[in-house]
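What follows is a predicted structure for the sequence shown.
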Amino acid sequence: MPRIGVFICHCGINIEKTVDTAKVAEAARSFPGVVFAADYKYMCSDPGQNMILDAIREYNLDRIVVGACSPSLHEPTFQACVAKADLNPYFFEMANLREQVSWVTHDREMATEKAIQAVRMAVAKAGKSEPLASQSLPITKKALVIGGGISGIQAALDIAEAGFPVILVEREPSIGGRMAQLDKTFPTLDCSACILTPKMVEAARNPNITIHTYAEVENVAGFIGNFEVTIRKKARSIDMSKCTGCGVCYEKCPVKVPNKFEEGTGERKAIYVPFPQAVPNKPVIDREVCLHFTKGKCGICAKMCPAEAVVYNQEDEVITEKVGAIIVATGFDLFDTKRYEEYAGGAHPDMITSLQFERLINASGPTQGKLRRPSDGKEPETIVFIQCVGSRDDKMGRPYCSRICCMYTAKQTILVREKFPNARIFVFFMDIRTAGKNYEEFCRRAIEDYNAEYIRGRVSKIYPSGDKLIVEGSDTILGRPVEIAADLVVLAAGAEARADAKDLARMLGIQTDQYNFFSEAHAKLRPVETMTGGIFLAGACQFPRDIPDCVASASASAAKALALFGKPELASLPTVAKVDESRCSGCMACLSVCPYSAVTMEEVKNKSGGIREVARVNPGVCQGCGACAAACNAGVIDLLGYTNEQIACQVDAALL
Amino acid sequence: MDKSKNLRETAKTLLSEGAVKSIIGYKKGRFPFYLQPAIIKDPEEAASLVFTPLSRQNLVSFIKKAAKPVGVVVKGCDLRSLVDLLQEHQIGRGDVRIIGVTCAGVLKGDALEHDPRFKPAEIKDVVEDDGRIKVITSSGEFEMPEDSMMEKCRSCSVHAPYLYDDLIGGGEPGKAPGPPAYPGVEEIEKMTPGEKRAFWLDMFSRCIRCNACRQACPLCFCEECVMDEAKPRWVTAEVDPVENLFAHLIRIYHSAGRCVSCGECERACPVGIPLSLLYNKAAKEVNELFGYNPGVDPEAQPAMLTYRLEDPECKSCLGGRNL
Amino acid sequence: MSADNPYIPFTAEIMKVTDETPDIKTFEINITDPDWNHKPGQFLELSLLGAGECPISISSAPIQLPTLDLSIKRAGIVTEAVHQLYPGEVVGVRGPYGRPFPMEEWRSKNLLIIGGGIGLAPLRPIIQQALCQRELYGDLTILYGARSPADLVFKEELKEWEGAPGTDVYLTVDKGGGEWDGHVGFVPAYLEELGPSPENTVAVTCGPPIMIRFVLKALEKMNFTPEQIITTLEMKMQCGVGLCGRCGLGDKYICIDGPVFSYAEILKLSPDLSALK
Amino acid sequence: MNMKFLPAASLKDWLDLLRSHGTLIAPVKEKDGFIAFRPDPDFEDITLDYQNTVRPIREFFLPHSETLFNFETVQNGFDIERNKPEEPLVIFGVRLCDACGLEALDRAFSGKYTDPYYTERRKNALIISLFCTEPHPACFCEGVQKLMTGPKGADILLYPVEGGFLADPLSEKGDKIIGESKKLFKEPDAEQLKAKDAMVEKAVGAQSCIVDFSLLPEKFKELPPSSPFWREEGEGCVSCGVCSFLCPACQCFSVQDISDGKSGKRVRCWATCQDCRFAKMAGGIDPRPEKGERHYHRLSHKFADAPARNDMIFCTGCGRCIRYCPSHHDVLETLKKFLEYEEVKP
Amino acid sequence: MSKAEEKEKTENAEKHEWEPKIVGFLCRWCSYAGADLAGSSRIEYPPNVRVIRVPCSGRVNPLHVLRAFRKGADAVLVAGCHPGDCHYSEGNYYARRRLDVLKELLEFIGIEPERFRLEWCSASEARRFADVITEVTGQVKKLGPLNPKENKNG
């Protein structure tokens, strides 16, 4: 019989409050195989861990069960602890008595009963555990960064500087992302382009960084240290090696369409660079609107190009790259303010989003930085900023705070004031959230020095009247309705997950939260890792972040990737599938359901000398999902750590 | 055309020309009302082969151990289990010579013993005559009624095999069959849960766990059955109705997407448990839920080893709906 | 033991566990029943309640009582469970069962003991008893082999036996390696190499079936008569008391009529030697 | 001991009397026509219209599975508790072959050691046989055991005759039982006795036996399991073991512990030598991997070893192994061929 | 009080005291994490579920579900990631096929459909997890014990 030790944690009062831990330990003493059981205030603490080590020595324990918090929290802690006593880490089992018992049950008697049951199941599983070991796997010391915004650029630069190659994939024709669209940055009012452009250039110049713009990741296979990614480089219709970036082509191009980079406030040509500082600063042909592609005529750009760089028949290029780590930095989308129908039916030329505002006030924007009413080009005299549009609004399914709007609105009021000393600037807000270094001071300056009039309250309605927009709201501090006739209304649109974030998550095998932002492995302790090994998160794809936070998280994820690259090799997952070849009949059911192609068929000799085919698992490739174990009718392929026998014993113990 | 004669000639040629090393067919024994499997290797032995309305047994069960290449005599229904073995890589197409036989139906196991018109001892021979089954006895010839045939024969859509190397009995080659009729399943479905439990526990109180159902099953090819496994012990040695029922459920689940409703299990069961109902239920659900009809296309993936994104959600479960 | 019910085991405490090889352990158990008396060659039924029961040959001579040794190779459910036991834990026991080695008949004869792997376990009581009553027997020759040096059982005792009076010990392994400087080769081949004389000698052999078959051939070649060759058919038994019907060998049951048989008897019971399969 | 006549009208009364001797077990026809021995049936449900049941009565003495003892792990040991003794059994309507099977099992279970479970049930049971007037063509009980003319294993044998049954007490116990209910029984008349003799004669004539069983033990020694005869013989077998599960004279069992880790029971259940795992040993060595070798084992056990060891062929000629075999393997055909087989020495 | 009333009362009392046993196989990436989140969010739900953590709903061998019923579970829940969200990309699709069929078989032998649930529940759906447990517990309480061991009709 195994000699099992059981340790029940009080977790301060977190468990003890509703679970009679002493009674659980007492009950555990009667479970088959248990030779020692105790309870203690904090099992995860040093004294708690020492208690386990002492008991292992004193009672010759060979299996350890701890009833404490969720294994997702402290399983690694205790596995490391038992390893210190030369026990295989997989001789450790954990019963979740906090998240799944004490915190969800108020009745002490019932909670204690449920805890006893949970420990009984863990003991039953531990009794059937076998020592598991990893295998060494090579690591491809090359990273993939998805997204070429400030986060992606920063992560790529950090990794490249450490000496490892990086592939940076950006789906737009240029890297730069959201930050490139901004005019100034809070709280220092630096010019956004002035601080971003050097980084973009640095990324382009770094020999360790390969940038694929106008490209998308199409498939991701493999696993930590050994991913294989497929990247589709969309046809740019430009021979990048010939193009000098002179710009003749887009000067001469006759087609004009709204520029996505300008958030629709300006126009571009069918052949274009999205913005002057673009990296690479070479154009791309938008085949959807280009006359050559839509009507089969024109061809001016090709004729005009002195370098003969325009290649109409260029095709998409699909490349595969082997990488060891992936950093996801795909950023955010802006909330679609049209959903607020009470705001002028959702759209009005003089009601713009905060990002459109950035473009309109930017010196290199469509108006060369002259802020004018889009409807008639008039200088605005009364400007209303409305915060929390698509943030903190349950109705819109966006109950969260977008975190950046308070600050950029304050910045925008300052920018307006600098241009129009006499304008009236109103800001409707719910709360002002300015937690950040020098943030509060910055905001006070907007109010006190720049005379932005902040009104606490929601705007209930906006409607046009003459050439004005009437903003109806209420001042909840003074408790009275407010009505403002505005020349320009700026909606502080919230940030939301990219529309296609879910698709990417599926491709990568990572999780998303209820708003489709990518989920971190642990909200506090593993904030830049995902649950999938080797895939890290940077920037606003995880949750709305401002620039310094994005850069910090990008560097953090780079550090995680570098930590991986710092290892000589990788330990494979010990909990993989295993075949009992002597009983395998070679029906290939396992092979059919394996998502990783980890199963192959091998010929073996029968006892009688004949040849037959049996399944074999590559433990380096297997990710331990167990689909094969459930598909095998004969129970020949099993999942270590979650064997048929272990689960059966848990079932039995659950029902005793 | 005399099928038996046709069959003997074909078998003799195949063996003497070395096209196959062995042939699995039917032969007569001491009793005119039973046929036995014949596994022959010598061309001379071909003379013992017959095909009659007593050719009930699904000979595909013997294929795995036979000397290859092997010729096997199959009815249209048996063929489907062979197709499944091809799908599940238990035999290569090149190793099997499919000797298909057109079949008008075979008799139920106890049809002759329970016929009030004659006694078993009086039976001299059982023959097929133009699609009808005739029993020749010492007291005369009797035509067997339709309900004396196996349940599957009465709704048969594969009288002629649709995949074969040799076709015995002539006629048009068969078409790939549609889903079978699953006789009797609906009656059980209409019962209340309590009635169902009572019905099955009553039936399985007869079970002696001889495993004849499993052993006779052409698709039970596992090296060691999961029911015999000790780690974990899925089925204990205790023979009681509930344990028996759950033991059978394991096989029934394992048959899902594979079972071709050949009825061998029920035929082999000495105590008359209506096992086909259970296997047909699994087959019916696989067909209704996933549109899969097993044992038709040798290239197809068995239903439980694949999926479609649009597979139906589990009936009573919430699926995506909020509470 | 319940007199009227041969299926009911009694408890015996494990006193000591010795690791013999990576998959063989020797368990010394304490038998409290004062009437217990076994002879070399007998076996008992070992129970681990919950795991099951299996026959295990007793690998110590009666002189060691009230404790006895069980050398157990990890092979099935029960033996695997037994391997997880520690001293102080209890097992179930019933027996002793089976026909013992006819050691009375062997007096003043030379004993040639040929063992392979775990097969030395049932032969050990013969050696122990012969060494204990040294004057009653002639020369004692022990030929023992295993797959590898690590797979040799009773390593310490093998050394002691080497030094015992009138005793020769020959060890061999199928595959050498490490510090092994002894003989390398299969037991039957080594046996032929050594070429012991059949004169006034009894050959007793136990080991893997394949080894036994070749040892028999070798002994025949060396002119041992079938009556001079004794083996013990350790396998196939289940209930141990001739009731479960499993260990039939001709009209005998191995468990009650054996497990010790002379080669002459085996030839009669199972002419094609399928008994040795 | 004298034969008595039991009028058909008195059968119910007699059975009611018998119920006081223990649990009455009699053949009952179920809804779907399946006939089986059932405990404590209503008289109306008892059927006499059956050739034989599919399952022989051995299951009442050696159940499919039974608990040998319960156990519980306690501090430093375990407690063992044996099941309590059961009610005595009165089994009515047992065919001669099944009764004879008990005779075989009696011998099998009392050798050097005695099986207490079987023996206890057997000792307490009363077996009332019913003569078989129309044997199935596959039956050969007369050929192998001379049962029609020399029944064994039962306490009382009933011959169905016009208007009732002739009750032949085969054992003292049977005689005593008949004596206890004298009022119900009458002296038989000559006509009835004559009818009985004619019935026996007719039944004997209906059976055919094509094998001289006395030649078998020698032949089994001559033609070992490794012979090609057996290899070919086994080819059409599906290894299900219906032949042994339904055999009235098969004794083999397996033992298994069923436990929750703390307490449990040791259970034994029927086992069949046709199962490839039957003889498989820990470590995977299989002495009988081929189906033919297993056939040899089964048949030599029944027709050669049992006569040597237990002085009786362990086959009662019930024909079940022929009738219910999925391949309709015919044991007599096999044995006949076996006796005729000459091995061609290469 | 009439006898019938008395009987009803004791039956009610028994029913009230009876707590169903529910075995829950939870995918560690989603539902198990969702259950953890329910804990962190202090969402109370009935204590009847006994959780077995599995790497994926595709790991759940239908034989384990059968075993649970055989051993006395009154209901079994398998919870995995929403279609498309499987950590291993397709395990839940296989689970859906397998358990769909199993459910039908269970129903065919008389195990009510309410007693076997396959649910999709993500790591963020703590509330949903609690609601599912609450609902199953309620439904099964209404049905009463299954206990195929002793009760033919119960």
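Cool, got the structure.

Show me the strands in the stretch 51-200 of chain A, by range?
Per DSSP state E, counting those that start in this stretch, the stretch 51-200 of chain A carries strands over the ranges A:63-68, A:92-96, A:136-137, A:143-146, A:166-169, A:184-185, A:190-191.

just the stretch 101-250 of chain C next, same as before
Using DSSP E, counting those that start in this stretch, the strands of the stretch 101-250 of chain C run over residues C:110-116, C:140-146, C:167-173, C:183-184, C:201-206, C:229-232, C:248-249.

Format these as TSV; extra columns: distance to residue A:2, mean neighbour count and mean pLDDT.
Using the backbone N, CA and C atoms, a C-beta is placed for each residue, glycine as well. Shown next, in TSV, are these (distance: least, Cβ to Cβ, whole Å; neighbours: other Cβ atoms under 10 Å in any protein chain shown; pLDDT from 0 to 100):
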stretch	distance to residue A:2	mean neighbour count	mean pLDDT
strand C:110-116	32	25	94
strand C:140-146	29	24	94
strand C:167-173	33	19	93
strand C:183-184	38	16	91
strand C:201-206	32	25	94
strand C:229-232	33	26	93
strand C:248-249	38	23	82
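
how about low-confidence regions in chain E?
Along chain E, segments meeting pLDDT under 70 span E:1-16, E:147-154.

The strands of the stretch 101-250 of chain C into JSON lines, with extra columns for distance to chain D?
Listed next are the strands of the stretch 101-250 of chain C as JSON lines, based on distance: least, Cβ to the nearest Cβ, whole Å:
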{"stretch": "strand C:110-116", "distance to chain D": "14"}
{"stretch": "strand C:140-146", "distance to chain D": "15"}
{"stretch": "strand C:167-173", "distance to chain D": "20"}
{"stretch": "strand C:183-184", "distance to chain D": "24"}
{"stretch": "strand C:201-206", "distance to chain D": "14"}
{"stretch": "strand C:229-232", "distance to chain D": "14"}
{"stretch": "strand C:248-249", "distance to chain D": "6"}
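
can you pull out the strands in the stretch 351-500 of chain A?
With strands called from DSSP E, counting those that start in this stretch, the stretch 351-500 of chain A shows them at A:351-353, A:382-389, A:424-429, A:453-456, A:459-465, A:468-475, A:480-486, A:488-493, A:495-497.

Out of those, which is closest to residue A:303?
Closest to residue A:303 of those is strand A:351-353 (Cβ to Cβ; 38.4 Å).

And the closest one, how far out from the chain middle?
Put simply, strand A:351-353 sits 28 Å off its chain's centre (Cα atoms, centre = their mean, to the nearest Å).

what sits up against that strand?
A:263, A:265, A:334, A:337, A:343-344, A:360, A:374, A:462, A:469, A:488-491, A:493 (Cβ atoms under 8 Å, 6 or more residues apart in numbering or on different chains).

before we move on, the earlier item: now the strands of the stretch 101-250 of chain C as JSON lines including distance to residue B:205?
As requested, the strands of the stretch 101-250 of chain C are arranged in JSON lines below (distance: least, Cβ to Cβ, whole Å):
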{"stretch": "strand C:110-116", "distance to residue B:205": "50"}
{"stretch": "strand C:140-146", "distance to residue B:205": "52"}
{"stretch": "strand C:167-173", "distance to residue B:205": "57"}
{"stretch": "strand C:183-184", "distance to residue B:205": "61"}
{"stretch": "strand C:201-206", "distance to residue B:205": "47"}
{"stretch": "strand C:229-232", "distance to residue B:205": "44"}
{"stretch": "strand C:248-249", "distance to residue B:205": "32"}
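
Name the surrounding residues that touch stretch A:384-396.
Contacts to stretch A:384-396, defined as Cβ under 8 Å, 6+ apart, come from residues A:335-337, A:339-340, A:343, A:398-402, A:405-406, A:409, A:412-413, A:425-430, A:452, A:458-459, A:469, A:471, A:484, A:486, A:488-496.

Minimum distance to residue B:111: which of the strands of the stretch 51-200 of chain A has it?
For the strands of the stretch 51-200 of chain A, proximity to residue B:111 was assessed by Cβ to Cβ; strand A:92-96 is nearest, at 58.1 Å.

Going by neighbour count, which residues in that closest one are buried?
Residues of strand A:92-96 classed as buried: A:92, A:93, A:94, A:95, A:96 (neighbour count, 16 or more other Cβ atoms under 10 Å in any protein chain shown).

what does stretch D:159-172 give?
So for stretch D:159-172, counting by 16+ other Cβ under 10 Å, buried means D:159, D:160, D:161, D:164, D:165, D:166, D:167, D:168, D:169, D:170, D:171.

and of the contacts of strand A:351-353, the nearest to chain E?
residue A:334 (22.8 Å; Cβ to the nearest Cβ).

Run through the helices of the stretch 301-450 of chain A in chain order.
Using DSSP state H, counting those that start in this stretch, the helices of the stretch 301-450 of chain A run over residues A:354-361, A:405-419, A:439-448.

right, and those - which one's nearest chain E?
Taking Cβ to the nearest Cβ, helix A:405-419 is the member of the helices of the stretch 301-450 of chain A nearest to chain E, at 23.5 Å.
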